[in-house]
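# sequence unknown, structure follows:
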């Protein structure tokens with residue numbers, strides 16, 4: 001019998017597959033990369049002898065090996081699909097390796113394919129790596145390259161298309177905002193909604209300005225999710241959410257409150273992105289400053305499109321109330 005310190009024993013127990021509904025399991029693995037306090041979630045939808053993964057997690061050997069070992073615990077399981085909620089490497093980099101090992105078909109929204117193919121470009125991800133962190137940047141680039149391989153043999157999954165797993169139906173819901181091709185998946189038979197990074201179990205998600213994201217579309221996506229009638233929300237990061245309507249409304253209210261804050265600060269003369277960033281996030285961890293900057297830019301873009309704000313030209317653009 002192997003003995004662990006209590007903390008290690010608990011951590012290993014936390015890595016066991018967890019059944020979260022009659023036909024859904026969470027398949028955890030230790031994060032292969034710093035992703036903040038909440039590692040990416042990977043879910044198995046299983047019915048009869050068929051299954052589908054929602055997202056794939058990282059592509060490192062340990063993550064892939066552990067998830068393949070979990071799948072072997074389901075007797076006679078044939079993994080038919082790996083459905084990617086979006087292109088970010090913490091959700092998509094393991095897809096091609098899992099697909100090769102199982103014969104599963106990778107599915108994703110076609111708008112994500114473009115970003116996957118441009119894996120060497122400086123496209124925002126869920127994790128910002130500082131320029132000086134050379135080794136981490138190299139590792140992140142490898143994960144992005146691995147995620148790009150998922151697009152090579154992937155099939156498109158469009159809004160309202162249905163994927164069948166045994167007697168179950170997964171309906172694709174296109175929810176642009178966090179990324180332009182973000183998908184949520186509704187398991188209708190159980191009222192389970194897989195939200196990727198459109199809704200997290202804890203906290204809020206970063207939204208970039210176009211062409212990588214869109215704040216106005218994000219709010220419309222949240223409103224759409226409210227109308228689906230889901231009773232359990234399974235996010236891309238964090239714990240399950242039971243009070244689905246309340247959680248989604250909380251995120252909508254937060255975005256509107258942030259928008260009012262931006263307008264108030266502009267009225268006070270804080271008219272640049274840097275000035276707004278310092279006022280809204282005065283004690284921010286420098287590792288997530290680029291992400292926070294994009295949030296501010298996303299709100300400003302929305303307000304500008306709505307005619308509430310004007311952009312003044314210059315080396316550092318200034319913004320004034322319209």
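Ah, there it is. Please read these numbers as outputs of a predicted model, since none were measured by experiment.

# domain assignment for this structure?
6-242, 256-321 (automatic domain parsing).

# residues contacting residue 27?
17, 42-44, 53, 66-67, 70-71 (CB atoms under 8 Å, 6 or more residues apart in numbering). Placement of C-beta: from N, CA and C, glycine included.

# show me where the stretch 101-250 of the chain has strands.
Remark: strands of the stretch 101-250 of the chain, listed N- to C-terminal, are 105-108, 155-156, 162-165, 168-174, 183-187, 192-196, 232-235; assignment by DSSP state E, counting those that start in this stretch.

# could you report the separation of residue 160 from residue 288?
Distance of residue 160 to residue 288, computed by CB to CB, to the nearest Å: 35 Å.

# and those two? which has more neighbours close in?
Between residue 160 and residue 288, residue 288 has the larger neighbour count (other CB atoms under 10 Å), namely 15 against 8.

# leaving out the residues flanking it, which one is nearest to that one?
By the measure of CB to CB, 6 or more residues apart in numbering, the closest residue to residue 288 outside its immediate chain neighbours is residue 128, 6.2 Å from it.

# pretty sure the one you found contacts residue 286?
No: with the criterion set as CB atoms under 8 Å, residue 128 and residue 286 do not qualify as a contacting pair; they are 9.7 Å apart.

# higher neighbour count, these two?
In this comparison of residue 128 against residue 286, neighbours counted by other CB under 10 Å, the higher total goes to residue 128 at 18 against 8.

# list the contacts for the more buried one?
Residues counted as contacts of residue 128 (CB under 8 Å, 6+ apart) are 287-291.

# next, count neighbours for residue 57.
27.

# does it sit in a helix, a strand or a coil?
Of the three states, residue 57 takes coil under DSSP: H, G, I helix; E, B strand; the rest coil.

# ok, it to residue 205 distance?
Shown here: residue 57 relative to residue 205, a distance of 17 Å by CB to CB.

# distance of residue 276 relative to residue 263?
Residue 276 sits at a distance of 11 Å from residue 263 (criterion: CB to CB).

# more neighbours: the two, which one.
The residue with more neighbours, out of residue 276 and residue 263, is residue 276; 23 against 14, by other CB under 10 Å.

# how near is the more buried one to residue 171?
According to CB to CB, residue 276 and residue 171 sit 39 Å apart.

# residue 89 now?
According to CB to CB, residue 89 and residue 171 sit 26 Å apart.

# okay, now the unreliable bits of the chain?
Under the criterion of pLDDT under 70, the regions of the chain flagged as low confidence span 1-14, 34-37, 129-133.

# which residue is nearest the centroid of it?
Ranked by distance to the mean C-alpha position of the chain (CA atoms, centre = their mean), the top residue is residue 197 at 2.7 Å.

# quick one: contacts for that one?
With the criterion set at CB under 8 Å, 6+ apart, residue 197 makes contact with 85-86, 88, 91, 126, 178-179, 182, 205, 235-237.

# dump the residue contacts of residue 52.
Listed by CB under 8 Å, 6+ apart, the contact set of residue 52 reads 44-45, 79-83, 104, 163, 165, 170.

# what ranges does the protein have for its helices?
Assigned by DSSP state H, the helices in the chain fall at 6-14, 61-71, 89-92, 95-102, 110-117, 134-149, 215-226, 244-267, 273-280, 289-305.

# nearest to residue 24 among these would be which one?
helix 61-71 (13.1 Å; CB to CB).

# so which of the helices of the chain is the most packed in?
For the helices of the chain, the stretch with the most neighbours on average is helix 89-92, a mean of 30; neighbours defined as mean count of other CB atoms under 10 Å.

# OK, contacts around residue 42?
Residues touching residue 42, when contacts are defined by CB under 8 Å, 6+ apart, comprise 26-29, 53-57, 67.

# out of these, which end up buried?
A residue is treated as buried here by neighbour count (16 or more other CB atoms under 10 Å); on that basis the buried members of those are 26-29, 53-57, 67.

# report the two of the residues you listed separated the most.
Based on CB to CB, the longest span within the buried ones among the contacts of residue 42 runs between 29 and 54 and measures 14.5 Å.

# off-centre distance for stretch 216-230?
The gap between where stretch 216-230 is centred and where its chain is centred comes out at 15 Å by CA atoms, centre = their mean, to the nearest Å.
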